[in-house]
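Asks: Sequence first, then the predicted structure, then my questions.
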Amino acid sequence: GQWCTRVPLICFGTVEWHLPDRCLRQFGREQCIPLEVPDSQKAFHGRDRRQGTRDWPLKLEKFITMWANRQMQDIVTPAQVGRMGYHDPYLDRYRQTSVRYMTPEGAADGALADGIEQIKDMTTGEWSWEMKM
């Protein structure tokens, strides 16, 4: 469907990206590591639309072409079956790059779950000294 297409959304002089690869789990799909956000934001934000610019099709030609070829930008992943494993590549990256806990209680629960997983890894031979605690 259209919801899984990674495309620019265009409204006159504004370009916003639809990035479904950042929320695939919400739609029952396997979550892949999202691609980088395309750098269109600097060029098309902070404009004063009172200046009378009307050549949007020319200025946005690159994005209009991407929209026209949107079928080539579909994000295709299999359906998520069961829970995502602790060492899923997406979760490993998420733990390295994101703020994981919003409350002290959440941090305590997360630290406990991480500790249990690390003990499990040590007993199954998957643990290495390079892993961050």
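Replies: Ah, there it is.

Asks: Tell me where the model's unsure across this structure.
Replies: For the chain, applying pLDDT under 70 flags the ranges 1-2, 39-54, 126-133.

Asks: so where do the strands sit in it?
Replies: Counting by DSSP state E, the chain has these strands, from start to end: 7-11, 14-18.

Asks: Distance of the spatially most central residue of the chain relative to C32?
Replies: The residue lying closest to the centre of the chain (Cα atoms, centre = their mean) is R22, at 2.6 Å. Distance from R22 to C32, counting by Cβ to Cβ, to the nearest Å: 10 Å. Where C-beta positions appear, they are placed from N, C-alpha and C, glycine not excepted.

Asks: Give me the buried positions along stretch 12-24.
Replies: 13, 15, 17-18, 20-22, 24 (16 or more other Cβ atoms under 10 Å).

Asks: Quick check: phi and psi at the residue lying closest to L19 once chain neighbours are set aside.
Replies: Take L19 and drop its neighbours on the chain: the residue closest to it by Cβ to Cβ, 6 or more residues apart in numbering is R6, 6.1 Å away. The phi and psi values for R6, taken as degrees, to the nearest 10, are phi -90, psi 100.

Asks: Counting neighbours, what do you get for R6?
Replies: Counted by other Cβ atoms under 10 Å, the residues lying close to R6 total 19.

Asks: from what I can see it touches I75, true?
Replies: Yes: between R6 and I75 there is a contact at 5.7 Å, judged by Cβ atoms under 8 Å.

Asks: shared neighbours of the two, which are they?
Replies: Common neighbours of R6 and I75, counting by Cβ atoms under 8 Å, 6 or more residues apart in numbering, are 20-21.
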